[in-house]
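Q: only geometry, no sequence info:
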Ligand code: NAD
Ligand code: MG
């Protein structure tokens, strides 16, 4: 039986993880749940799952949760703050950590799981984008097993031979006969919108993704295709890939979740309905297969597969991220921080949709990009970049 901590339990990935656990109660034991500030949602999850521990990043939410649980006569122990999140990620009684906190806030708790040598099911791509080689090195040093949950990376993982699957972060694609990794993306809700109309996009329009149901931040990232940019960086680290070994292609139907091209001309793809329970179940049960509760793919209903090249005029964020990917750790750490601030401002109606790319590009051009040497300097660069991003956001909106 796998013993789980779920970081980001109240979110979209957290909910899908619990759905797979509910589908297979004899295989998964939910030991700890962790989230940001929604104490009511966490209380409901505690009532349903009776975890031994619950952690809330926000201290006041932890206090509320404690009261709710005590009133209910429940024994779940409540932990608080980043320390609490790190504690539940490194419990002795846990072997598997679902890393599904959104954004930079997930870095330290995920790293706590890595340093405790857990099996890490990685959904929190921002953590890897921010820390790259340090994250991969730590997995090796502490014997953590890294399994990709992001649907594209999970699709690539499934299309690679086992010796590569067992060496995430330090595999040799060329030796395995791989010529290219093909990251697919739907192109988001505005793939057919006139570029001149993008300025009028509202948060409600941006988070209405045509194929996937996801949290608000990643939904906006999908609309700008910054998500594919972050995934490009994520793929570089997970698959130890060079620039020449990676490409991005738009596939509006989201049935192929990504592909691997081999030197003999073969292309292997992983397909399925766009439902995160599939990659989550694959990572949770690896190398076995379990029922994810997802309907089988009916090809007679799929109709057509189409593909198109991404247009960087429509998706400037994608270009920014692809360029940053091989220009050093500081560039991707700073880009991630700028983007989180810009997306938050957009969701808060303080910034226009097309200004997200403008802010990201201006911040990247003016941030002091000193290469971070350890996690502390990553966090410091993240913090400084956010301050700069706030200034740029104020100027852009004047
Ligand atoms: P979400 O917004 O639905 O959920 C985010 C979770 O993080 C919530 O549980 C929230 O409480 C928690 N959280 C937020 N701030 C926190 C903080 N400061 N400390 C601790 N916890 C905090 O997001 P999501 O869509 O589930 O995405 C989670 C992660 O998975 C993201 O990194 C995203 O890129 C990645 N991902 C999501 C999907 C998807 O389909 N939703 C697919 C691939 C990858
Ligand atoms: Mg993805």
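A: Noted; the coordinates are in hand. This one's a predicted model, so the numbers in the text were calculated from it and none came from an experiment. Ligands and ions are numbered 1, 2, ... in the order given.
Q: can you list contacts of stretch 139-149?
A: Among residues not part of stretch 139-149, those counted as contacts by C-beta atoms under 8 Å, 6 or more residues apart in numbering are 13, 98-100, 113-123, 136, 138, 154, 156-157, 168-170, 234, 238, 276, 279-280, 283, 286. C-beta: built from backbone N, CA, C; applies to glycine.
Q: Just the buried residues from those residues, in PyMOL please.
A: Restricted to buried positions by 16 or more other C-beta atoms under 10 Å, the PyMOL selection for the contacts of stretch 139-149 reads:
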select buried, resi 13+98+99+100+113+114+115+116+118+119+120+121+122+123+136+138+154+156+157+168+169+234+238+276+279+280+283+286
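Q: Out of the contacts of stretch 139-149, list just those in helices.
A: By the criterion of DSSP state H, membership of the contacts of stretch 139-149 in helices covers 13, 113-115, 136, 138, 154, 156-157, 234, 238, 279-280, 283.
Q: I figured residue 392 hits residue 363, correct?
A: Yes. A contact is recorded between residue 392 and residue 363 when judged using C-beta atoms under 8 Å, the distance being 5.5 Å.
Q: Now the common contact residues for the two.
A: Residues touching both residue 392 and residue 363 (C-beta under 8 Å, 6+ apart): residue 338.
Q: Can you mark which positions in stretch 235-246 are buried?
A: Neighbour-count burial for stretch 235-246, with 16+ other C-beta under 10 Å as criterion, is recorded at 235-241, 245-246.
Q: Check stretch 142-157 too.
A: For stretch 142-157, burial by neighbour count (16+ other C-beta under 10 Å) applies to 144-157.
Q: near ligand 1, from these?
A: Counting by C-beta under 6 Å from any ligand atom, residue 150 from the buried residues of stretch 142-157 sit close to ligand 1.
Q: now the buried residues of stretch 142-157 as CSV including pLDDT?
A: Formatted as CSV, those follow (pLDDT from 0 to 100):
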residue, pLDDT
144, 98
145, 98
146, 98
147, 98
148, 98
149, 98
150, 98
151, 98
152, 98
153, 98
154, 98
155, 98
156, 98
157, 98
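Q: Now cross-check the buried residues of stretch 142-157 against ligand 2 and list the overlap.
A: When contact is defined as C-beta under 5 Å from the ion, those meet ligand 2 at 150-152.
Q: Could you list which of those belong to helices?
A: 151-152.
Q: pLDDT wise, what is whichever residue of the chain sits closest to ligand 1 at?
A: When C-beta to the nearest ligand atom is the measure, the chain has its nearest residue to ligand 1 at residue 11, with 1.9 Å between them. As summarised for this prediction, residue 11 has a pLDDT of 97.
Q: what residues are up against the nearest residue in space to it that is not next to it in sequence?
A: Taking C-beta to C-beta, 6 or more residues apart in numbering as the measure, residue 11 lies nearest to residue 215, with 5.4 Å between them; neighbours along the chain are not counted. Contact analysis of residue 215 by C-beta under 8 Å, 6+ apart lists 11-13, 102.
Q: and residue 215, backbone torsions?
A: Backbone geometry at residue 215, expressed as degrees, to the nearest 10, gives phi -60, psi 160.
Q: per-residue confidence at it?
A: We have a pLDDT of 93 for residue 215.
Q: What is the neighbour count of residue 72?
A: Using other C-beta atoms under 10 Å, the number of residues around residue 72 comes to 11.
Q: how far away is the residue lying closest to it once chain neighbours are set aside from ligand 2?
A: The spatially closest residue to residue 72, leaving aside those adjacent along the chain, is residue 47, at 6.7 Å (C-beta to C-beta, 6+ apart). Residue 47 is 31 Å from ligand 2, where distance means C-beta to the ion, to the nearest Å.
Q: Next, find the distance separating residue 47 from residue 102.
A: 24 Å (C-beta to C-beta, to the nearest Å).
Q: Please consider this matter closed, and thank you.
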